[in-house]
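# No sequence on hand, only this structure:
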């Protein structure tokens, strides 16, 4: 008799949990309109400072997924006492679809030209949208 009575009241405890959460402030953020301020150590899209990059290719060699390729960035002219030396410049381009955001490229950059940002909106409808050239990586994003 008592067991049947308790089975009929088994929905009361979950009802109290629901009522408790109805009185609390919502935690949900309306994403496109409101954005959460991310902490400084958050790993997002890469940023390339082209003024610091020397084109050594350390980032491309250390990448375990081979997501980084060096791309021609023009010719740099260096004036020396003997004359002008023309040297081809190369900067990294990253295929984010293959990147696992391990941070090895950022850690091993000798000039600290490659950094992580907190920009995380990198979704794309096709694979071509996940390829970021050195020009796109050098843009400031917020």
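Thanks, I have it. Bear in mind that the values here come from a model prediction, so they are computed numbers and not experimental data. Residues are numbered from 1 along each chain as shown.

# Bridged to residue 78, which residues?
residue 85 (DSSP bridges).

# can you offset everything so residue one is 626?
Yes, from this point I'll number from 626; that puts the last item at residue 703.

# Can you report phi and psi for residue 648?
Backbone geometry at residue 648, expressed as degrees, to the nearest 10, gives phi -90, psi -10.

# Please disregard the earlier target; I meant residue 637.
Residue 637 adopts backbone torsions of phi -70, psi -40, taken as degrees, to the nearest 10.

# how many neighbours does it have?
Other residues near residue 637 come to 8 when the count uses other CB atoms under 10 Å. No exception for glycine: its C-beta is placed from N, CA and C like everyone else's.

# likewise residue 709?
Residue 709: 8 neighbours (other CB under 10 Å).

# List the residues that contact it.
702-703 (CB atoms under 8 Å, 6 or more residues apart in numbering).

# got it, and residue 756?
718-722.

# Same check on residue 667?
741, 743, 745.

# Enumerate the positions of the least confident helix or strand in the chain by mean pLDDT that are buried.
Least confident helix or strand of the chain, by mean pLDDT, DSSP states H and E, is helix 627-633 with a mean of 71. Within helix 627-633, no residue is scored as buried using 16 or more other CB atoms under 10 Å.
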